[in-house]
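[1] Fold the following and give me the result.
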Amino acid sequence: MPPPLRHAVPLTVAALVAALALPPPAPAAPPTPASQVGPATQVGSVRATVRDATTGTPARACLSLVPADRDQLTVVGLGEEQAGRHGGCTGLDGSDLVATDVPPGRYHLLARPYDTARHGWQWVGGHGGTGQRERAAILRVRPGRTVVAPQVRLDPPGTVTGRLTRAADGKPVSGGLVFALPRIPHPKYSEGAITDDDGRYTLTGLGPYHWPLYFTGARLANQWSGGTADRARARPVRVRAGATVTADQALVAGTVVSGTVSVPELPSYSQVVAFHERTGDVVGVAEVGSDYTLRLLPGQRVVLRCDCRYAPSRWYPDADGIGGATPLRVGRTPITADFDLTGP
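    Model prediction:
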């Protein structure tokens, strides 16, 4: 495993493969819900064709079926981005992709080309690509059926560059991360664009659309472009084909959400993950010892999941699924949320 990268990471083939391949699972990573497994008659499939938008010739890409509904979207573990766990890649000749064993449900389709010097990422819309998930087409997968996705037409890529600073004092944010979609970072592996010592980053390989970008920084609140915790309220960045646009962002410290974690035995990699209560997006991740500390933007409601034991994860205060979690309203006053996982 190569050492962690220190500078911007383009969305190249290597990053693409790493993004689609799951890292070694953490002992406490959440299991796939029972509703998502079962005999072949309970699953469906998706067929997709990928073409160059200009020439119409076959193009190579990997496609992810990203759940459109909140609860399925939160099935994400250590080192994973919120791109779902189903999809596949076109053949070497650009032949159609057929994703099988897909649980019934509603999905958006995220396309990531093999050659990001030629084609950019996109959410697949009904008539072309988009950078905004809410504008992507929805695929409805039904048991025992094959749904045909809108034709994926890949456009040329563009580049986003910028600088992350601390809102409190204007100092650069070194080692910050910039993503096209949220993830639960792994402590050993880095993805996305990484800021240098002056807080500067470069993100390549995005399609020429409006993209909300997701920013993180040590001891700072995660946020979308425009300074919001809600993806739907983000200020999208206009990416242009063959051009470089600038997107600076000042990150705030946010409100402290902290607590203790009582557990018989703590796995090596344990974390408390905060999800936006409405969208299901990851809005914060904290490593766990005997306690944890999150920093979250005020003005949102979150649900917390503790991946902190050799058993299925628990949702605050002590639920086995997101449906039983108690939402917390994040204001400007620190919040205490303790997890007691000593019971069965």
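
[2] contacts and neighbour counts: CA atoms only from here.
    Fine.

[3] all helices of this structure, in order?
    Here the chain has its helices, by DSSP state H, at 13-20, 70-73.

[4] averaging pLDDT over each of the ones you listed, which comes out lowest?
    Across the helices of the chain, helix 13-20 has the smallest mean pLDDT, namely a mean of 37.

[5] List the contacts of the closest residue to T216 other than its chain neighbours.
    Leaving out its chain neighbours, the residue that sits closest to T216 by Cα to Cα, 6 or more residues apart in numbering is N222, at 4.7 Å. N222 makes contact with Y214, F215, T216, A229, L251, V283, G284, R295, L296, L297, according to Cα atoms under 8 Å, 6 or more residues apart in numbering.

[6] quick check, nearest of those residues to L65?
    Nearest to L65 out of the contacts of N222 is Y214 (Cα to Cα; 19.7 Å).

[7] from memory that closest one sits against G226, does it?
    No - Y214 is not in contact with G226 according to Cα atoms under 8 Å; the separation is 9.8 Å.

[8] Between these two, point out the one with more neighbours.
    Y214 (24 against 20; other Cα atoms under 10 Å).

[9] If the more buried one is in a bridge, with which residues?
    F179, W224 (DSSP bridges).

[10] Could you check how far it is from A221?
    11 Å (Cα to Cα, to the nearest Å).

[11] What of I335?
    I335 is 14 Å from A221, where distance means Cα to Cα.

[12] Settle it for me: which of these two has more neighbours?
    Using other Cα under 10 Å as the criterion, I335 and A221 rank with A221 on top: 25 against 17.

[13] if I read this right, the more buried one contacts V256, doesn't it?
    No - using Cα under 8 Å, A221 is not in contact with V256, being 9.2 Å away.

[14] what is in contact with these two at once?
    Contacts common to A221 and V256, judged by Cα under 8 Å, 6+ apart, are R295, L296.

[15] The closest residue to P156 other than its chain neighbours and D155, how far apart?
    Of all residues not flanking P156 in the chain, H119 sits nearest, at 4.4 Å (Cα to Cα, 6+ apart). Relative to D155, H119 is positioned 5 Å away (criterion: Cα to Cα).

[16] Find the residues that touch each one of these two.
    Common neighbours of H119 and D155 (criterion: Cα under 8 Å, 6+ apart): G207.
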